[in-house]
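Enquirer: Just a sequence and a predicted model for now, questions to come.
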Amino acid sequence: MPDIPWSTPTPAAPGAEVYVMASRFETATLTGAVRFFLKAPGIIRQMRRAPGAHGVALRARVLHRTFLTLSAWEDRDALYRFARSEPHRSSSRAASAYMRESVFTYWTVPATELPLGWAEAERRLAEQEAGR
């Protein structure tokens, strides 16, 4: 399944620090993975329009029931405003019924490091999971 590559909705100001979130979701069933996958394009579109969004990418492994997200934000508040807005809010609640596991990690980087790559996100997610 192809990735949705990094896109930059709003470039960060030169010299800014951006707030980064990486997540890994694993569904309990293949049906759940298909549901998650079908909702993903709408959520990505929402992220691309969200105030304060500086970047977003998705890595979908439907047959492995695993999805990774990577996003960069103006600050933590911009991320939280997005997370509480529709359709993300309702989709997240619905997904909890078929989710097996979710891992989140957060950090900041200089805007000059955008776009972000998957290697750092996967390393940080693995550390987060190991620390549970």
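Expert: That came through, no problem.
Enquirer: so what's the residue most central in space within the chain up against?
Expert: Residue closest to the average C-alpha location in the chain (CA atoms, centre = their mean): T69, at 2.9 Å. Counting by CB atoms under 8 Å, 6 or more residues apart in numbering, T69 makes contact with M21, A22, S23, F25, V56, A57, L58, R59. To be clear about C-beta, it is placed using only N, CA and C from the backbone, and glycine gets the same treatment.
Enquirer: and it, that's in a helix?
Expert: No: with DSSP: H, G, I helix; E, B strand; the rest coil as the criterion, T69 is assigned strand and is not in a helix.
Enquirer: Dig out what it forms beta bridges with.
Expert: Beta-bridge partners for T69, by DSSP bridges, are S23, L58.
Enquirer: still on that earlier bit, which one of the contacts of T69 has the most neighbours?
Expert: V56 (27 neighbours; other CB atoms under 10 Å).
Enquirer: so that residue sits right up against L68, yeah?
Expert: No: using CB atoms under 8 Å, V56 is not in contact with L68; the gap is 11.8 Å.
Enquirer: Just the buried positions in the helix or strand of the chain with the lowest mean pLDDT, please.
Expert: The weakest-scoring helix or strand in the chain, judged by mean pLDDT, DSSP states H and E, is helix 88-95 (a mean of 88). Neighbour counts over helix 88-95 (16 or more other CB atoms under 10 Å) mark H88, S91, S92, A95 as buried.
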